[in-house]
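Chemist: Give me a 3D structure for the following:
(one chain, ligands or ions: 5)
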Amino acid sequence: MRGFLSLQVIAVIATSATGSPLTIRNLSDPNYGPVPGESSYYSDYTGRAPPFPANVTAPILPSAKGQPGPDDRLFQNLLAAEWAIFSFYQQGVEVFNASSFTALGFPNTTYSRLLEIRDTEAGHMRIFQDSISPTSIKPGSCAYDFGFQYSDDASVATFLALQTLIEVSSMVFAAGLVRQAITDETKSALVGIGETETRHGIWALIDIWHVDPFAGPIDTVYPYANQILDSTNRFIVPGSCPSINPVYPSPRQNLPQLSSNSTVGVGTPGNMIVFEFVDPENVPVFKRGCDYYAVFFHGLETISVPLDISKLSSVIPGELEEKGIILVVLSDKKDAPTQDSVLAGPLFLLQQPSALQTQFPK
Ligand SMILES: *[C@@H]1O[C@H](CO)[C@@H](O)[C@H](O)[C@H]1NC(C)=O
Ligand SMILES: *[C@@H]1O[C@H](CO)[C@@H](O)[C@H](O)[C@H]1NC(C)=O
Ligand SMILES: *[C@@H]1O[C@H](CO)[C@@H](O)[C@H](O)[C@H]1NC(C)=O
Ligand SMILES: *[C@@H]1O[C@H](CO)[C@@H](O)[C@H](O)[C@H]1NC(C)=O
Ligand SMILES: *[C@@H]1O[C@H](CO)[C@@H](O)[C@H](O)[C@H]1NC(C)=O
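Modeler: Ligands and ions are numbered 1, 2, ... in the order given. Now for the predicted structure:
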């Protein structure tokens, strides 16, 4: 076993740009490559090719034997999520150029901001890799499809809408993951990461959407962060993940994903909402005579509204402020007090900017 492991450690998994061999041991060394917080690389790399560490897409196998670190699973989940988020920006950098945005009237800084956000996401990736102990695998990249392969106006619109959704949901899952963190270092790191995602979101609200960037006194807190991570599985090309990657997220409930019927109304407070299931093969079983709820999360508020199971309809509570993001899940218990009481969702009802208040994502 030991021999097998050390063989893996010295096995060449890539060749560096300079042609010298790159091993698992190199990549497992936090001082290898640009160091987040020291190097300006994670802010000002302007290449179209993927930056380090995303220029090595293979999983990084353990370089030591022993017990996993206390927060390894959390950081494996985060790294797998970050591959999706990074790839979103990297694909944007590759598909678009500065004119894609200026042609539609967006500021001439838009493309360079996207490069910079892409770089900070690569920095997150390195931080998460470094935070996984040498005894645990660091997940590699899958293939991702975000629906904007071509540099046409519709793709720019899809990209910018998803950008806002991805950043706001990253803020929500970072806040939720704090509940799973064991060490204080991890808890603080999660807050710092969430703050960075907030800056990305704020940039878009000001420069792209030209709206009030603030979202009231508190952003939405949702307790079951892995359910949000799970919803990013919809972007993964089926079967494209490295087979030795851990299950993502771990643990995974694989809950039915929700959308809503946008012809009924926009997803804002006071409106009726009719739910639909994204995958007809993955739907909850509702028993007649039992009570079900649509449970809405906004800020620190949790409000349960009865779910009409014959129409799959409910009402978005009118008392919620039309700011930031509202999350809704279907539950068999008022306020969805446990992870297992969630039967479907979460569905993200983006409130800000109002231009994106329609059903989203499809
Ligand atoms: C990845 O990028 C880093 C930083 O530019 C570079 O040193 C390294 O050689 C690259 N690795 C590969 C496999 O291209
Ligand atoms: C990888 O690490 C070895 C030492 O373990 C070193 O000799 C080699 O130059 C490193 N490779 C790169 C690309 O830095
Ligand atoms: C952007 O890409 C388009 C093709 O999609 C090309 O016609 C245009 O010259 C490019 N503009 C810049 C500034 O690179
Ligand atoms: C970008 O737009 C600003 C005004 O919005 C203008 O002052 C500046 O010269 C432009 N820069 C380039 C490179 O076009
Ligand atoms: C959405 O709601 C409209 C209006 O009630 C209805 O006609 C339509 O069939 C619904 N769409 C789906 C997919 O159920």
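
Chemist: got the buried residues for stretch 101-120?
Modeler: For stretch 101-120, the neighbour count (16 or more other Cβ atoms under 10 Å) marks Phe101, Phe106, Thr110, Tyr111, Arg113, Leu114, Leu115, Glu116, Ile117, Arg118, Asp119, Thr120 as buried. For every residue, glycine as well, the C-beta is placed using N, CA and C.

Chemist: Can I get those residues in CSV including pLDDT?
Modeler: Shown next, in CSV, are these (pLDDT from 0 to 100):
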residue, pLDDT
Phe101, 96
Phe106, 96
Thr110, 98
Tyr111, 98
Arg113, 98
Leu114, 98
Leu115, 98
Glu116, 98
Ile117, 98
Arg118, 98
Asp119, 98
Thr120, 98
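
Chemist: nearest to ligand 1, of those residues?
Modeler: Asp119 (11.5 Å; Cβ to the nearest ligand atom).

Chemist: Give me the next element, helix or strand, following the helix or strand where the closest one lies.
Modeler: Asp119 is part of helix 110-131, with elements assigned from DSSP states H and E. For helix 110-131, the following helix or strand on the C-terminal side (DSSP H and E) is helix 153-177.

Chemist: For that next one, name the packing helices and strands.
Modeler: helix 72-95, helix 184-203, helix 225-231, strand 325-331, strand 342-350 (3 or more Cβ pairs under 8 Å, 6 or more residues apart in numbering; DSSP states H and E).

Chemist: Take the second one, keep the C-alpha atoms, and write them as CSV.
Modeler: The C-alpha coordinates for helix 184-203 follow below in CSV (Å, rounded to 0.1, in the frame of the first residue of the first chain):
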residue,chain,number,x,y,z
ASP,A,184,-12.3,28.1,13.6
GLU,A,185,-9.9,28.6,10.7
THR,A,186,-12.4,27.0,8.4
LYS,A,187,-15.3,29.0,9.7
SER,A,188,-13.4,32.3,9.2
ALA,A,189,-12.2,31.2,5.7
LEU,A,190,-15.8,30.5,4.7
VAL,A,191,-16.8,34.0,5.8
GLY,A,192,-13.9,35.5,3.8
ILE,A,193,-14.8,33.5,0.7
GLY,A,194,-18.5,34.6,1.0
GLU,A,195,-17.4,38.2,1.3
THR,A,196,-15.4,37.8,-2.0
GLU,A,197,-18.4,36.4,-3.8
THR,A,198,-20.4,39.3,-2.4
ARG,A,199,-18.0,41.8,-4.0
HIS,A,200,-18.5,39.9,-7.4
GLY,A,201,-22.2,40.2,-7.0
ILE,A,202,-22.1,43.9,-6.0
TRP,A,203,-19.9,44.7,-9.0
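
Chemist: Could you name the helices and strands sitting against it?
Modeler: Helices and strands touching helix 184-203, by 3+ Cβ pairs under 8 Å, 6+ apart, are helix 72-95, helix 110-131, helix 153-177.

Chemist: and what of the fourth one?
Modeler: Taking 3+ Cβ pairs under 8 Å, 6+ apart as contact, the helices and strands that strand 325-331 lies on are helix 153-177, strand 258-260, strand 293-298, strand 342-350.

Chemist: hmm, who's touching it?
Modeler: 168-169, 172, 215, 219-220, 222, 227, 258, 267, 269, 273, 275, 284, 292-298, 304, 307, 316, 320, 336, 341-352 (Cβ atoms under 8 Å, 6 or more residues apart in numbering).

Chemist: Could you restrict those to the ones contacting ligand 1?
Modeler: With Cβ under 6 Å from any ligand atom as the criterion, the contacts of strand 325-331 include none near ligand 1.
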